[in-house]
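A.B. asks: below are the sequence and a predicted model; questions follow.
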Amino acid sequence: MTKIAIVSDSTGCIPVEELKEFDIHVNYISIVFGTESYREFKDMSVEQFMERCENYDGLPTTSQPSPGATIELYESLFAQGYEDIIHINISSQLSGSHQTAKTCAEMVNPEHIHVFDSRTVTYTQGMLAVNAAKKAKEGASVSEILSYLEMMRENSEFYASIYDLTNLRKGGRLSNVEAALGSLLQIKPICQMKPDGTLQAIEKIRTFKKSLKRLVEIGKEAQLTEDYQLVVMHIGNEEGAKLVQTELQAVYPNHTIKIYPISLVVAVHGGPGAVAIGWVKHD
């Protein structure tokens, strides 16, 4: 049986216990405040991120893994006896991590490093890695896992309700006037990961409470069967996440709906307080 390493960008938000259980390796993307850089979830927790954002006048930025760090990760996995590597990236439309990984794969071992664009983010991306790792443990081949990843990617969705428009304005994704009007009128956008891997605002809802209700409606409208895994995600808004989880659990009593953090990389742009839902077909 071929020994296959599954690698996920840190934006997959896979908890430490799942990383250990399924033998998943992480390539870390960093959050940058001025001249200080922190690997998400490794050097900076969600709580530290929230506190730092409250006391930071500017807009934090993100930094993709360096080529050196990526090459070092690949070489260490081969040194550990892995014969193939499958690296699942955050959407190439949101980060340069995918292109960097492809370049590093060409430099290290292009025949045995397979770089996969998830076209999504946060634990929706993480679900792809977890389920791929399960397949690897079951003895699936590289080609079988890659085909499985394509199936999951085509049957995945991610929707987020944005709580605070400040970071969207600071990042140039929203004008000062739009942000001021949005704050004044309590407009909260719903964003969706599109099939091409872009994150786009699809609806504008009055008040955050109503936007959470809309997330539940979107989940309900999907009419998910039990071969889909459904999750709720948030960044510093456990109350909102639990509300959505409770209402979705009533819609889908046979699903186990867990709560996960939203990637700090995504939170840099979407801002603290956001709540999201996502699902992936795994069977």
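C.D. replies: That came in fine, so what should we check first? Numbering: from 1, shown residues only.

A.B. asks: so what's the spatially closest residue to residue 148 that is not a sequence neighbour up against?
C.D. replies: Once flanking residues are discounted, residue 148 sits nearest to residue 135: 5.7 Å by Cβ to Cβ, 6 or more residues apart in numbering. For every residue, glycine as well, the C-beta is placed using N, CA and C. Applying Cβ atoms under 8 Å, 6 or more residues apart in numbering, we find residue 135 in contact with 144, 145, 148.

A.B. asks: likewise for residue 84?
C.D. replies: 2, 3, 4, 5, 112, 113, 114, 142.

A.B. asks: again, 10 Å this time
C.D. replies: Residue 84 makes contacts with 2-6, 77-78, 109, 111-114, 136, 141-142, 145, as judged by Cβ atoms under 10 Å, 6 or more residues apart in numbering.

A.B. asks: and for residue 112?
C.D. replies: For residue 112, the contact set (Cβ under 10 Å, 6+ apart) comprises 2, 4, 5, 74, 78, 82, 83, 84, 85, 86, 105, 142.

A.B. asks: the fourth one: neighbouring residues, count only.
C.D. replies: Think residue 74. Burial measure for residue 74: 25 neighbouring residues, criterion other Cβ atoms under 10 Å.

A.B. asks: count of neighbours near the residue lying closest to it once chain neighbours are set aside?
C.D. replies: The shortest distance from residue 74 to any non-neighbouring residue, by Cβ to Cβ, 6+ apart, is to residue 108 (4.6 Å). Residues within reach of residue 108, counting by other Cβ under 10 Å, total 18.

A.B. asks: didn't residue 108 look like it was pressed against residue 71?
C.D. replies: Yes - between residue 108 and residue 71 there is a contact under Cβ atoms under 10 Å: 5.8 Å.

A.B. asks: any idea how far residue 61 is from residue 23?
C.D. replies: As defined by Cβ to Cβ, to the nearest Å, residue 23 lies at a distance of 32 Å from residue 61.
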